[in-house]
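>>> missing the sequence, but the structure's below:
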């Protein structure tokens, strides 16, 4: 195996493959290596609709090998440590790899153990979660089998991938209950650590109308810290000034969809390239590391102050590639990322609000109509258009 690469990419998920594809499309002579241990690649945004019974989970899975760009070397290993002073990383198998430039795209770590009683109980005792390939189908099993009682949907206080996903499955479940004549016998609760339903005022107003129409009970500033599966009880800590407090509330449930706590991958958190929290420390506009100029990072593992979504990565990747190529050519970095991200907020079967906004929480909409309105066309884009764009455009460096 080669030991040195012009560009070494850590992580072969959405961001890593997209960056590699853009790089090699622009310069096929570049020597690019991708460090990624997984054999499978998933289109995770569709797991919400798997949880709603719209798609089978198998439709979200592909072989990683089919998306490694032509000309890139796939290093089927994981990173153990970073040594940025010597332009090197060490892999789990003990190999040392060096680089001219490093791109860190390792995603976000799901901490299933962060909520007491969650790990090992998803799919049992009314507990479900869309946040893994192995568990997303358990959500629809719970939804379709619930005839009466209380259904709770949670959002934690930690950063998460796709910040709108916890409420999407709540709206879909409510729609299912209503369509199947059991809604009057089910209390639907959305319990979120956040202080409100959405950070952008335009979309917040629309979502508040959705919640009112659907008669969903909201519990803001509530973060799930413990499950008692045998009793079907959920313990929430109350957030005060965006911090966990000692005050707790216990709620009974018949089904509960849990969004687990998440954070930076451990191998990044404990490394010289992380910030004080554990994310890769980068300039918010150029994606270049704040200390090591030959390191770039984007996507969920970076500390870019925007929502962690695939749509954000689609805009970050071309900026990173342009600036990386400028760095390699010893030129100034001129490409800028404005914080664009997108949250396709499914509000039920066949309806969706497409939220798009920038760092300043200003709407940055694509279409020539008011995207804060619920539309079938935007639902169709989410369900059928965006997956095709992902597999055939974004991961090929074309979109």
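That came through fine. Not measured: the values here are computed from a predicted model.

>>> Does residue 257 touch residue 141 like I think?
No: shown here, residue 257 and residue 141 do not form a contact pair, counting by CB atoms under 8 Å, at 11.5 Å. Bear in mind the C-beta positions are built from the backbone N, C-alpha and C, glycine included.

>>> Can you pull the residues that touch both of those two?
Residues touching both residue 257 and residue 141 (CB atoms under 8 Å, 6 or more residues apart in numbering) are residue 128.

>>> In terms of neighbours, single out the busier of the two.
Each of residue 257 and residue 141 has its neighbours counted (other CB atoms under 10 Å); residue 257 has more, 27 against 14.

>>> bridging residues for that one?
Taking DSSP bridges as the rule, residue 257 bridges to residue 128, residue 153.

>>> Let me see the contact set for it.
Counting by CB under 8 Å, 6+ apart, residue 257 makes contact with 51, 128-130, 139, 142, 151-154, 166, 169-170, 173.

>>> same deal with residue 40?
Per CB under 8 Å, 6+ apart, neighbours of residue 40: 61, 62, 63, 64, 133.

>>> And residue 270, what's its pLDDT?
pLDDT recorded at residue 270 is 89.

>>> separation between it and residue 99?
20 Å (CB to CB, to the nearest Å).

>>> Show me which of those two is the more surrounded one.
Neighbours per residue (other CB under 10 Å) separate residue 270 from residue 99, with residue 99 holding more: 21 against 12.

>>> Quick check: closest non-adjacent residue to that one.
Spatial nearest neighbour of residue 99, excluding adjacent residues (CB to CB, 6 or more residues apart in numbering): residue 8 at 3.8 Å.

>>> Could you count how many residues lie near the one you found?
Residue 8, neighbours per other CB under 10 Å, totals 26.

>>> and what of residue 386?
Residue 386: 21 neighbours (other CB under 10 Å).

>>> doesn't it fall inside a helix?
Yes: counting by DSSP: H, G, I helix; E, B strand; the rest coil, residue 386 is located in a helix.

>>> model confidence over the top helix by length along the chain, on average?
Across the chain, the helix with the greatest residue count (assigned by DSSP state H) is helix 310-328. What helix 310-328 shows for mean pLDDT is 98.

>>> now residue 170: how far from residue 117?
Plainly put, residue 170 is 21 Å away from residue 117 if you go by CB to CB.

>>> of those two, who's got more company?
residue 170 (28 against 20).

>>> did I read that right, the more buried one in a helix?
Yes: under three-state DSSP, residue 170 sits within a helix.

>>> Per-residue pLDDT of it, please?
pLDDT at residue 170 comes out at 98.

>>> That one reaches residue 188, doesn't it?
Yes: using CB under 8 Å, residue 170 is in contact with residue 188, at 6.6 Å.

>>> Ramachandran coordinates for residue 255?
phi -140, psi 150 (degrees, to the nearest 10).

>>> beta partners of the residue most central in space within the chain?
Centroid check for the chain by CA atoms, centre = their mean gives residue 161 as the closest residue, at 2.3 Å. Residue 161 has these beta-bridge partners by DSSP bridges: residue 308.

>>> pLDDT score for it?
On the pLDDT scale, residue 161 gets 96.

>>> Settle this for me: it is touching residue 261, isn't it.
No: counting by CB under 8 Å, residue 261 is not a contact partner of residue 161; they are 11.9 Å apart.

>>> residues contacting residue 266?
residue 109.

>>> Pull up the gap between it and residue 243, please.
23 Å.

>>> before we move on, the earlier item: now the phi/psi pair for the residue nearest to residue 99, please.
According to degrees, to the nearest 10, residue 8 has phi -110, psi 130.

>>> Do I have it right that it meets residue 96?
No: counting by CB under 8 Å, residue 8 sits too far from residue 96 to count as a contact (11.4 Å).

>>> any shared contact partners between these two?
In contact with both residue 8 and residue 96: residue 89, using CB under 8 Å, 6+ apart.

>>> Residue 104 versus residue 330, what's the distance?
Residue 330 is 22 Å from residue 104, by CB to CB.

>>> Looking at those two, which has the bigger crowd around it?
Per other CB under 10 Å, whichever of residue 330 and residue 104 has more neighbours is residue 104, with 31 against 6.

>>> what residues are up against the more buried one?
So residue 104 contacts 10, 11, 268, 273, 280, 295, 296, 297, 301, 302 (CB under 8 Å, 6+ apart).
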